[in-house]
Each structure stands twice: as C-alpha cells, then as structure tokens.
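Participant: My questions concern the predicted model and sequence given below.
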Amino acid sequence: MPALNQFKLYIEELKRKLSGGETGQTMVEYVMLIVLVALAVFLASPSITSAIMGVFTRTSSVLIP
C-alpha cells in the first residue's frame with residue numbers, strides 16, 4: 001500500500017506541474033479572439049478600413065520625405 005500512496009502523490013504532483021501554464025494559454029486565446037473580432041470589423045466596414053489606411057498613408061508620407 002505505501003507504493004500505491006506514493007504513486008498517487010506522484011500523479012497529483014505531475015498534474016499540478018502540468019496545469020500550471022493555463023494562464024498563458026488563456027491569454028493567448030483572448031488575444032486571438034480580439035484579433036478575430038478586429039478583423040471582422042475591418043472586413044465588415046470598408047469605410048473604417050479606408051479611414052485607417054488613410055491615417056497610415058498620411059503618417060508614412062510625413063515620416064518619409
């Protein structure tokens with residue numbers, strides 16, 4: 001029986017170590033969701049897309065003489 005208890009402790013420790021990285025995974029999922037929503041907004045509204053592209057064009061023309 002001591003070997004079984006030791007095995008249970010080992011499995012619990014292994015689960016704890018493997019589940020420690022979930023916060024980074026959750027953050028990546030949220031970033032991907034935000035990117036997808038932003039992409040959908042840009043594709044759904046051409047006027048917003050052209051306005052933002054205009055801002056970048058004007059900015060680059062000022063920065064690069």
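Facilitator: Structure received.

Participant: Show me what the helix-or-strand element of the chain with minimal mean pLDDT is packed against.
Facilitator: Lowest by mean pLDDT, DSSP states H and E among the helices and strands of the chain is helix 2-18, with a mean of 78. In terms of contacts (3 or more Cβ pairs under 8 Å, 6 or more residues apart in numbering; DSSP states H and E), helix 2-18 is not packed against any helix or strand. The C-beta positions use only the backbone N, C-alpha and C, and glycine is treated the same way.

Participant: contact partners of that helix?
Facilitator: Applying Cβ atoms under 8 Å, 6 or more residues apart in numbering, helix 2-18 has no contact partners.

Participant: What of stretch 30-43?
Facilitator: With Cβ under 8 Å, 6+ apart, stretch 30-43 has contacts from 48-49, 52.

Participant: now do 7 Å
Facilitator: Applying Cβ atoms under 7 Å, 6 or more residues apart in numbering, the external contacts of stretch 30-43 come out as 48-49.

Participant: now do the same end-to-end measure for stretch 10-28.
Facilitator: Distance between the two ends of stretch 10-28: 30 Å, counting by Cα to Cα, to the nearest Å.

Participant: need the contact list for residue 47.
Facilitator: Residue 47 touches nothing, counting by Cβ under 7 Å, 6+ apart.

Participant: Enumerate every residue touching residue 60.
Facilitator: With Cβ under 7 Å, 6+ apart, residue 60 has no contacts at all.

Participant: And it, how far from residue 19?
Facilitator: Taking Cβ to Cβ, to the nearest Å as the measure, residue 60 and residue 19 are separated by 46 Å.
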